[in-house]
Structures are given as structure tokens and as C-alpha cells.
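> Test case, fold it:
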Amino acid sequence: AQWAQEPLSPVRKTVELNELSTTFETKMVEMAIYKFASLLQLAFGEAGAGIIRDNSNGGVLHSNMTGKVVQGIFGFCDVRNFTTLTEILQGDVVKIVNGIADIVHAAVVDNFGAPNKNIGDAFLLVWKPKG
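Alright, predicted model coming up:
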């Protein structure tokens, strides 16, 4: 219920095995649930969190609610000649893409934006006006 009201509230980062349930298997499942919850927060982001918060009431998800218009500026960044780069670097291309992602994400966050989605060699970036 806590995450339904505030989907981006912090998930316990470290769960000690001795502070959970009594059986090892249950502890492992609980740790997996905490990890999964933090990955969901990352995947849904701010927009998804608002949808979850606005459409859940008493633990029930109301999927037929109408949406709302959100103003924003969207940027799209694409790595030039990515196919050629992939052919040359093969499996090592992931290191390059992750390095580029670090640079793009840092630049966007430094300029009050939010990286929204990475799709291979492309990045969707969003800036919402204040208010």
C-alpha cells in the first residue's frame, strides 16, 4: 500500500538476511521482491509513478481513468553510424553505449531534464516546465 500512494518512495536499499523472515528461502524471496520493486521504480520513472498514484485507490488499480495532458520538451539523441560501430566492436559496443549513456544522462540531469528511455543507440530525453 505504501508504494501505491508514493511509488517513488525509497525502497530499503540493503536488506540484511537476519532482519527478514526465519527461513532462508523466504529471505531470498523477500530480497528479490525489494530488488524488483527498485527496478520497477527505475522503469516507471516519474510519469509512471504519477499514473500509479493517481489510479490506485485502496489497493485497486482503476485502469479506465482518463489521462491528462503534460507539457514538456522532448529531445532525441541517436548515435551516428551505430550499425558500423556494432559490426566493428561486436560485443564491446555495449561499453561504448554505456559510456555515451553516462555522458548524455549527466548532461541532461545537469540541465534540469530527465533521461526517459534508452533504446539501443537512441535516447529519449524530457524537460518539463516548472509549475
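
> rest of the way, CA atoms for contacts and neighbours
Noted.

> Please point out which parts of the helix or strand harbouring residue 40 sit buried.
In this structure, residue 40 is located in helix 24-55 according to DSSP states H and E. Neighbour counts over helix 24-55 (16 or more other Cα atoms under 10 Å) mark 27, 30-31, 34-35, 37-38, 41, 44-45, 48-55 as buried.

> Over to stretch 121-131?
Buried residues in stretch 121-131 (16+ other Cα under 10 Å): 121, 122, 123, 125, 126, 127.

> Could you list which of the residues you listed belong to helices?
Among the buried residues of stretch 121-131, no member is found in helices (DSSP state H).

> did I read that right, residue 117 in a strand?
Yes: applying DSSP: H, G, I helix; E, B strand; the rest coil, one finds residue 117 inside a strand.

> Let me see the contact set for it.
Going by Cα atoms under 8 Å, 6 or more residues apart in numbering, residue 117 touches 123, 124, 125.

> Which ones among the residues you listed lie within strands?
123, 124, 125 (DSSP state E).

> Please name the spatially closest residue to the first one (chain neighbours excluded).
Closest residue in space to residue 123, ignoring its immediate chain neighbours: residue 77 at 5.0 Å, by Cα to Cα, 6 or more residues apart in numbering.
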